[in-house]
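**Student:** what's the 3D shape of this:
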Amino acid sequence: MNLVDITQDGAGVASKHDSSVDGFLTGLVETCSVYVFYGAKRYAIVHDTGQLTIAGICEVARKCGPILDAFYAVNPLRLSNEASESHQDRRIRLKNLLKPKRGIKKLEIPDGTFVCLKDGNVLLADDEILALDAAMAQSPKREARKAINILNNLFSSKNSQSLPVDFQFNVDHYTSLPKFQKTDAQMQAIAVAKLQQGDADYLSILETARSRIRNGADGTLENAD
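**Tutor:** Below is the predicted model:
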């Protein structure tokens, strides 16, 4: 069995008839939500921090054709009331826009890891997932991709819900790296301002991301819009 790994703020679409891909896995689900959409021939997953655009999630879902089944999964142990309400509002908006045949079923991920299989089954607990004994396929530029998404999320306005979806896996291949939403200079200026206000996290995360991208030699902080 082969699973494709999807990271935070990412999405993937695969064919239900592809023998080389059996499903998607996403982990480290804390305050995020995970959406899964099943159509007649394709299925999709989106790991949503709450900052992705609704239009972007809809675009991914519609690649599956008319939606037969849809799921929405959260980690109840890590989700605050504020985040829960925000995700609920987004789920309602998605339901109204996509009109899935059987609505969007809510699921709980107690261990923070989620798997959706091409046969329509979803796995919510680590012991179920480990029992698959599945091989894991990861983006060859995974660390750079993660770093870019973390920075885009961190340096976007709180609750802006403006980030494009990082469409990571498209049916049978990984896509190119997402673009930065701010330049390195812009992020540096914001990080320094936050440091002066007593918040050192922005600068620390920025420096860690720079290191990951440089060491991986597969991304650049100069591909910003």
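**Student:** Identify each buried residue in the longest helix along the chain, please.
**Tutor:** Identified as the longest helix of the chain according to DSSP state H is helix 81-98. By neighbour count on 16 or more other CB atoms under 10 Å, the buried set for helix 81-98 is 83, 86, 87, 90, 91, 94, 98. C-beta: built from backbone N, CA, C; applies to glycine.
**Student:** Show residues contacting it.
**Tutor:** Outside helix 81-98, the residues within contact range by CB atoms under 8 Å, 6 or more residues apart in numbering are 31, 33, 35, 37, 48, 50, 54, 57-58, 61-62, 67, 70, 72, 74, 79, 103-104, 106, 159, 161.
**Student:** Could I get the average pLDDT for that helix?
**Tutor:** Here helix 81-98 scores 91 as its mean pLDDT.
**Student:** Contacts for whichever helix or strand comes after it, please.
**Tutor:** Using DSSP states H and E, the helix or strand that follows helix 81-98 in sequence is strand 105-108. Outside strand 105-108, the residues that touch it by CB under 8 Å, 6+ apart are 69, 70, 71, 72, 73, 74, 75, 76, 91, 122, 124.
**Student:** Correct me if wrong: the fourth one contacts residue 109.
**Tutor:** What it means is residue 72. No. Using CB atoms under 8 Å, residue 72 makes no contact with residue 109, being 10.7 Å away.
**Student:** Between these two, which contacts overlap?
**Tutor:** In contact with both residue 72 and residue 109: residue 34, using CB under 8 Å, 6+ apart.
**Student:** ok, those two, which is more surrounded?
**Tutor:** Applying other CB atoms under 10 Å to residue 72 and residue 109 shows that residue 109 carries more neighbours, namely 26 against 21.
**Student:** so where's the chain shaky on pLDDT?
**Tutor:** For the chain, the stretches with pLDDT under 70 are 216-225.
**Student:** for it, what spans make up the helices?
**Tutor:** Using DSSP H, helices in the chain cover 54-62, 81-98, 126-131, 142-154, 184-196, 201-216.
**Student:** Show me which of those has the highest average neighbour count.
**Tutor:** helix 142-154 (a mean of 21; mean count of other CB atoms under 10 Å).
**Student:** Just give me the closest of the buried residues of helix 81-98 to residue 13.
**Tutor:** Residue 13 has its nearest neighbour among those in residue 98, at 14.5 Å by CB to CB.
**Student:** ok, now how distant is that closest one from residue 108?
**Tutor:** Shown here: residue 98 relative to residue 108, a distance of 22 Å by CB to CB, to the nearest Å.
**Student:** for residue 51, same thing?
**Tutor:** 22 Å.
**Student:** neighbour count winner among the two?
**Tutor:** Counting neighbours by other CB under 10 Å for residue 51 and for residue 108 shows that residue 51 has the greater number, 20 against 12.
**Student:** was I right about that one contacting residue 163?
**Tutor:** Yes. At 4.7 Å, residue 51 counts as touching residue 163 under the criterion of CB under 8 Å.
**Student:** For residue 104, give its distance to residue 118.
**Tutor:** Taking CB to CB, one finds residue 104 at 19 Å from residue 118.
**Student:** Please apply the same query to residue 130.
**Tutor:** 19 Å.
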